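1. Provided below are the primary sequence and the corresponding predicted coordinates.
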Amino acid sequence: MNSALTSGLGILAEKYRLLSSECLRTLRVEMQLVSIFHLQSMGGRDYLREQDAEEPEDFIVALTSQIQRIAEEMAAYMPSLKRSYIFGGICSVSAAAFIKAVTNMEAINMLGVRQVNRNCIALQQALASLVASSGEFLEERLDRVRTYYDLLTIPFEALIALVPDNDAIFSLSEYTALLKVNIPGREIPTNAVQQIAMILAPAR
């Protein structure tokens, strides 16, 4: 009977271990979905700002507040390593959402770019203490976002000159999205996409 009891407890313990792992994965996905939900607010907006951004936008404040609140609630029940895993997927999903938002953006100016960069910084600061072991990863992913938006602030000729330096960072479709955004004062030639494609072709 003791042997049967020990065996039964072992099976039960393994089931609980698997259930715990599944719960962690579910929480990780849930936090990614929460991020996407908030960041979809960027779609279809125009970012023609008349003054410099001092604070992140409301949807970023709501996202970072929710992240911090959930992290505080988890702290009493979960070690930091597991919390780091749960929140560790937010950065990649958010970076992709920032980049994708350009596709549906109506217009933007230099102050609008600064607003987006301020949003990135706020998100990075919120995640830094939660995903401490991935600090360089966070910085790398969100720096890519800021570099991408900074390309919207320069003339087409300057953009073309920078393409060879960024050929491993941005794809043709990402450059194409940049060209479609309405930016006051920027002139884009009709064959702009073809010019960039020709520069990228040897590197592909």
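-> Great, that's in hand.

2. quick one: buried residues of the biggest helix by length in the chain?
-> For the chain, the helix that runs over the most residues, judged by DSSP state H, is helix 2-39. By neighbour count on 16 or more other CB atoms under 10 Å, the buried set for helix 2-39 is Leu27, Arg28, Met31, Gln32, Val34, Ser35, Ile36, His38, Leu39. Just so you know, the C-beta spots here come from the backbone N, C-alpha and C atoms, and that holds for glycine as well.

3. quick check: next helix or strand after that helix?
-> For helix 2-39, the succeeding helix or strand toward the C-terminus, using DSSP states H and E, is strand 46-47.

4. for that following strand, what is the distance to the chain centroid?
-> Strand 46-47 sits 19 Å away from the centroid of its parent chain (CA atoms, centre = their mean, to the nearest Å).

5. with stretch 178-185 instead?
-> 22 Å.

6. where do the strands of this protein begin and end?
-> 46-47, 107-108 (DSSP state E).

7. and Ala97, what does it touch?
-> Applying CB atoms under 8 Å, 6 or more residues apart in numbering to Ala97 gives the contacts Ser35, Ile36, Leu39, Gln40, Met42.

8. one more time with 6 Å, if that's ok
-> Leu39 (CB atoms under 6 Å, 6 or more residues apart in numbering).

9. quick one: average confidence on stretch 141-159?
-> Stretch 141-159 carries an average pLDDT of 92.

10. list the buried residues of it.
-> Under the neighbour-count criterion of 16+ other CB under 10 Å, stretch 141-159 has Arg141, Leu142, Arg144, Val145, Tyr148, Tyr149, Leu151, Leu152, Thr153, Phe156, Leu159 buried.

11. contacts for it?
-> Stretch 141-159 has contacts (CB under 6 Å, 6+ apart) with 91, 95, 98-99, 108, 110, 113, 116-117, 120, 124, 178, 188.

12. now render those as CSV, adding neighbour count.
-> Below are the contacts of stretch 141-159 laid out as CSV (neighbours: other CB atoms under 10 Å):
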residue, neighbour count
Cys91, 22
Ala95, 21
Phe98, 23
Ile99, 17
Ile108, 23
Met110, 16
Val113, 21
Val116, 27
Asn117, 19
Cys120, 22
Gln124, 20
Leu178, 21
Ile188, 15
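
13. quick one: low-confidence parts of the chain?
-> For the chain, residues meeting the criterion pLDDT under 70 lie at 1-9, 131-137, 202-204.

14. roughly how far apart are Pro184 and Gly112?
-> 10 Å (CB to CB, to the nearest Å).

15. what about the two, which has more around it?
-> Higher neighbour count among Pro184 and Gly112: Gly112, with 23 against 9, using other CB atoms under 10 Å.

16. quick check: Ile108 vs Ile160, distance?
-> The value you get for Ile108 to Ile160, if CB to CB is used, is 19 Å.

17. now do Lys82
-> From Lys82 across to Ile160, the span is 47 Å (CB to CB).

18. same deal with Thr64?
-> For Thr64 relative to Ile160 (CB to CB), the value is 36 Å.

19. neighbour count winner among the two?
-> Per other CB under 10 Å, whichever of Thr64 and Ile160 has more neighbours is Thr64, with 19 against 16.
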